[in-house]
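Chemist: Prediction below, plus the sequence it came from.
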Amino acid sequence: MKVCIIGLGLIGASMAWQLKSKGHHVTGVARRQKTLDLAYEQNLIDAGYLEVCRSALQVDLVVVAVPLELIVSTIVHIDTFLSSQTLVIDVGSVKKHIIDDIKSKYLKKTLFVGGHPMAGSEKTGLENFQKDLFSGKPFILCYPSDEVRKQSTLLLQRFVADLDATVCELSAEDHDQRVAAISHLPYILANTLFNLYLKDEPSLKEVASTGFLDTTRVAHSDPLWGTMVALMNKDALIPQIDAVISSLQLLKSDISTFNSKGLLARFNVDHVIEGPEKLERLKEWVKDSPET
């Protein structure tokens, strides 16, 4: 299989290494010669270009691994260079906005499928590529129509398998709802915690350790990515932010009223069967507390 990867950042470079290691011919497109030189040095690509051109696109599959705000314009640009119908997939973390925008462009040669590997890092750039980044991870495919699915599914299944990932088919709407909950919302919460308590608090930085740093790790992701995610996926995110606010209000009420039973149930996420001695200790502490 011949693959062209446009954008050799963390995702694109990790993908290039994995595909090339499986014997596929990989062409890379990057904005800087320095990036292409490093890609050759790391044996990530067979050929490299500084811009999209007809020669770069003589492949079976084009992967657009550029930032969210550049995906649609890049795909529109690709379409002008394709000599025959070619499968194009993106790796952005928002799908409905991108798929709807692509549909409105009435492209002539591009057979587009929305893609999203559920893998990544707060670190960016080719220098941070990981050889096993996609191993065992879901790779979400959002087909814009049944006809596109029929034309592209075999090639994409092979592509995902050679990344050692697992195919997960979702509608664009379902993708955005789920990813908002397990990726975009956690990023926003981590960012909120970091900005509230660590950004400008030297005294807290002195004592912050594993728990807080792990919780806020993703807050260090590219802020432009975070901004684009929030704006592009606002329809899924806003109701979930409201749900978090409501949940925190209930938590605040349980704490204020010493609702130990409610708190225990809330914090018992692993459904641990509590021994009676623990429950008795909790009841005794609440009963003897001077604040109750």
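Modeler: It's in. Keep in mind that what you see is a predicted model, and the values were worked out from it rather than measured.

Chemist: use CA for all of it now, contacts and neighbours both
Modeler: Will do.

Chemist: in this protein, which spans are strands?
Modeler: For the chain, the strands defined by DSSP state E cover 2-6, 25-29, 47-49, 61-64, 86-90, 110-117, 138-142, 166-169.

Chemist: Now the third one: buried residues?
Modeler: Judged by neighbour count (16 or more other CA atoms under 10 Å), strand 47-49 contains these buried residues: 48-49.

Chemist: Pairing partners for that strand, with directions?
Modeler: Strand pairing for strand 47-49, using DSSP bridges, gives strand 25-29 (parallel).

Chemist: ok and the partner strand relative to strand 2-6, angle-wise?
Modeler: Angle of strand 25-29 versus strand 2-6, following axes from the mean of the first three to the mean of the last three CA atoms, to 10 degrees, is 20 degrees.

Chemist: export strand 25-29 as CSV, just CAs?
Modeler: C-alpha atoms of strand 25-29 as CSV (Å, rounded to 0.1, in the frame of the first residue of the first chain):
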residue,chain,number,x,y,z
HIS,A,25,5.6,2.9,1.0
VAL,A,26,5.2,6.2,3.0
THR,A,27,5.4,9.7,1.5
GLY,A,28,5.5,12.6,3.9
VAL,A,29,4.5,16.2,3.4
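
Chemist: Can you pull out the residues in contact with it?
Modeler: 1-8, 16, 19-20, 36, 44-52, 56 (CA atoms under 8 Å, 6 or more residues apart in numbering).

Chemist: residues in contact with L111?
Modeler: 85-88, 148.

Chemist: With respect to G114, which of the residues you listed is nearest?
Modeler: The nearest member of these to G114, counting by CA to CA, is V88 at 8.5 Å.

Chemist: shouldn't that closest one be in contact with V62?
Modeler: Yes. Applying CA atoms under 8 Å as the test, V88 and V62 come out as touching, 4.7 Å apart.

Chemist: quick one: contacts for N128?
Modeler: N128 makes contact with L10, according to CA under 8 Å, 6+ apart.

Chemist: what about T227, how many neighbours?
Modeler: 11 (other CA atoms under 10 Å).

Chemist: contacting residues around stretch 9-16?
Modeler: With contacts defined as CA under 8 Å, 6+ apart, stretch 9-16 is touched by 5-7, 26, 28, 39, 44-45, 65-66, 120, 123-133, 163.

Chemist: From those residues, which land in helices?
Modeler: Of the contacts of stretch 9-16, the ones assigned to helices by DSSP state H are A39.

Chemist: Derive a ChimeraX selection command for the buried subset of the contacts of stretch 9-16.
Modeler: With 16+ other CA under 10 Å as the criterion, this ChimeraX line picks the buried residues out of the contacts of stretch 9-16:
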select :5,6,7,26,28,39,44,45,65,66,126,127,129,130,132,133,163
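
Chemist: Quick check, pLDDT for the residue minimising distance to the centre of the chain.
Modeler: In the chain, the residue lying closest to the centroid (CA atoms, centre = their mean) is S93, at 4.8 Å. Here, the pLDDT recorded for S93 equals 95.

Chemist: Not counting sequence-adjacent ones, nearest residue to it?
Modeler: Excluding the flanking residues, the one nearest S93 by CA to CA, 6 or more residues apart in numbering is H116, at 5.8 Å.

Chemist: From K22, how far off is that neighbour?
Modeler: The spacing between H116 and K22, counted by CA to CA, to the nearest Å, is 21 Å.

Chemist: go on, L141?
Modeler: Distance from L141 to K22, counting by CA to CA: 21 Å.

Chemist: With L156 instead?
Modeler: Counting by CA to CA, the gap from L156 to K22 is 15 Å.
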